[in-house]
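>>> need a 3D model of the sequence below.
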Amino acid sequence: MKTVLLGPQRFRTTVGAVIRTVAPEGAVATVTAGWRDRESDTDELDATLDGRGRHLHLYGRLADVLDSDRRFAAAALAHRDAVDELAGIYSLRLQRALDSVYTVQRRTVRTDLAALALADGVRVVQSIDQWYLDAVYQLHGEFQAAAPPEESEPIQRHRAEVAEAVGQASAIAIAGGHVGQLLRCLKLFEVNLTPQQPVVAWSAGAMSLTERVVLYHDRGPSGVVGSEIWDRGLGRAPRIVAMPHARRRLQMDDPMLLRVLARRFGDARCLLLDDGARVVLNPNGELPAEARVIGDDGIVHSFGENP
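Next comes the predicted model:
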C-alpha cells in the first residue's frame with residue numbers, strides 16, 4: 001500500500017513528481033471537492049499531472065443529488081443544523097476544559113504535581129472529544145435512517161460512476177480546500193481507496209485520510225482556540241493527526257500548548273505538513289523515521305527519535 005502525504009501545494013508544487021514516482025503511467029483519479037465552487041478550475045492541476053487527471057467531480061455530484069433528491073436534501077439540511085448545534089456545545093465544553101489545563105500548567109511549580117494535573121486534565125479533554133465523536137456518529141445514523149443512500153437513484157448512479165472511474169485509475173490524488181466538504185463527498189460517494197492503488201494527498205486531502213480530522217488555529221483573530229475534532233476520517237493513514245500549515249497556524253514557540261496537543265490524541269502522532277513536506281508512509285501505514293512530529297514534551301522531533 002503506497003500512501004504519500006504532502007504539505008500545501010500553492011507555492012511549491014511537488015505532487016506531479018510524486019505521482020510520476022508512484023504511478024508512472026495510467027489515469028489519475030483526482031478529488032478536488034474541497035475547492036467547492038472552484039472544483040472545475042483544474043488547469044494548473046492538469047498541467048502538473050501531465051494531462052493524466054480524471055476528475056471525479058464529487059462536489060458537482062453532491063449538488064446534483066441535492067437538486068434532484070428532495071428527501072435527501074431535506075434530511076441533509078436537518079443534519080447540518082443538528083451538527084452545527086452539536087459543534088457549538090462541543091466547542092464550549094472543550095474550550096473550558098482546555099483553559100483549565102493551560103491555567104494549571106502555567107501556575108504549577110512542582111513538576112510532579114504538574115504532571116499529575118496534566119494527565120488528569122488531558123483525560124477530561126479526551127472524554128469530551130469522545131463524547132462529541134459518539135454524538136456525531138449518532139446524528140449520522142439518524143441522517144442515514146431519514147434518507148437511506150441505497151434508496152436514492154442519483155446517489156447510486158453517481159456511486160457507480162465514481163467506482164468505475166476509480167477502478168480504472170492507476171493512482172488517486174486528493175487535493176486540499178475545505179476539509180468538511182471534501183470528507184462529506186468522499187464518504188457519500190464511497191470513494192474506495194484500495195491497498196493496491198497509490199494515494200497522494202495534500203493539505204485537507206491528507207487530513208481526510210486520517211482516523212480523526214482535527215481543526216486547529218492558534219493564530220486566529222480570537223487568539224488561541226483549542227483544536228477541535230471535526231469527524232472521523234477515512235483511516236488510510238492510521239495513528240496520525242495531519243497538520244498542514246502547522247507553522248502558520250500553531251504557536252510553535254509554546255511547548256506547553258504543544259505538549260497538551262500531542263498527549264491529547266493518545267498514540268496518534270501530530271504530523272507537521274508544512275510547505276514542501278513529503279511523507280511516504282510505510283506499507284503498514286506507519287510514519288517514516290524522518291517525519292516531523294510534535295513530541296509529548298512539546299518539542300518538534302523526527303518520528304524516529306525517542307524524546
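>>> just the strands in the stretch 151-300 of the chain please.
For the stretch 151-300 of the chain, strands defined by DSSP state E, counting those that start in this stretch occupy the ranges 171-174, 199-202, 212-220, 223-232, 240-244, 269-273, 278-280, 292-294, 300-302.
>>> among those strands, which comes closest to M256?
Ranking these by proximity to M256 (CB to CB) places strand 223-232 first, at 10.8 Å. Just so you know, the C-beta spots here come from the backbone N, C-alpha and C atoms, and that holds for glycine as well.
>>> compute the inter-axis angle for that closest one and strand 240-244.
130 degrees (axes from the mean of the first three to the mean of the last three CA atoms, to 10 degrees).
>>> what sits against the residue lying closest to H245 once chain neighbours are set aside?
The spatial neighbour of H245 that comes closest, neighbours along the chain excluded (CB to CB, 6 or more residues apart in numbering), is P8 at 6.1 Å. The contact partners of P8, by CB atoms under 8 Å, 6 or more residues apart in numbering, come to G176, W202, S203, P244, H245, L273, D274, D275.
>>> next one: phi and psi at the residue nearest to the second one when sequence neighbours are not counted?
Among residues not flanking W202 along the chain, L6 sits closest, at 3.8 Å (CB to CB, 6+ apart). Reported as degrees, to the nearest 10, the phi and psi values for L6 are phi -120, psi 160.
>>> pretty sure L6 contacts A17?
No: counting by CB atoms under 8 Å, L6 stays clear of A17, with 10.3 Å between them.
>>> those two: who's more crowded?
Applying other CB atoms under 10 Å to L6 and A17 shows that L6 carries more neighbours, namely 27 against 10.
>>> just the pLDDT for that one.
Looking at L6, its pLDDT reads 96.
>>> which residue packs closest to V22, ignoring adjacent ones?
Setting aside the residues directly before and after it, V22 is nearest to P198 in space (CB to CB, 6+ apart), at 3.9 Å.
>>> now the one you found: how far from V213?
Distance of P198 to V213, computed by CB to CB, to the nearest Å: 22 Å.
>>> name the single longest helix found in the chain.
Taking DSSP state H as the criterion, the chain has its longest helix at helix 70-107.
>>> packing partners for the next helix or strand after that helix?
Counting by DSSP states H and E, the element after helix 70-107 in chain order, helix or strand, is helix 111-146. Applying 3 or more CB pairs under 8 Å, 6 or more residues apart in numbering; DSSP states H and E, one finds that helix 111-146 contacts helix 70-107, strand 223-232, helix 255-264.
>>> any idea of the mean pLDDT in the last one?
For helix 255-264, the mean pLDDT works out to 93.
>>> now do the first one
Confidence over helix 70-107 (mean pLDDT, whole number) is 95.
>>> what comes up buried for that helix?
Within helix 70-107, the residues that count as buried by 16 or more other CB atoms under 10 Å are 72, 75-76, 79, 82-83, 86-87, 90, 93-94, 97-98, 101-102, 104-105.
>>> can you give me the neighbour number for the closest residue to I155 other than its chain neighbours?
Leaving aside its chain neighbours, I155 sits nearest to P149 (4.7 Å; criterion: CB to CB, 6+ apart). As a burial measure, P149 scores 18 neighbours (other CB under 10 Å).
>>> now do the contacts for P149.
P149 touches F72, I155, Q156, R159, L188, counting by CB under 8 Å, 6+ apart.
>>> centroid residue for the protein?
Geometric centre of the chain, nearest residue: M207, 2.3 Å, by CA atoms, centre = their mean.
>>> and that residue, how far from E290?
Applying CB to CB, the value for M207 to E290 is 21 Å.
>>> with S40 instead?
Per CB to CB, S40 is found 37 Å from E290.
>>> again, but for I240
Using CB to CB, I240 is found at 15 Å from E290.
>>> coming back round to it: looking at the contacts of P8, which two lie furthest apart in space?
Using CB to CB, the contacts of P8 span at most 13.2 Å, a distance reached by G176 and D274.
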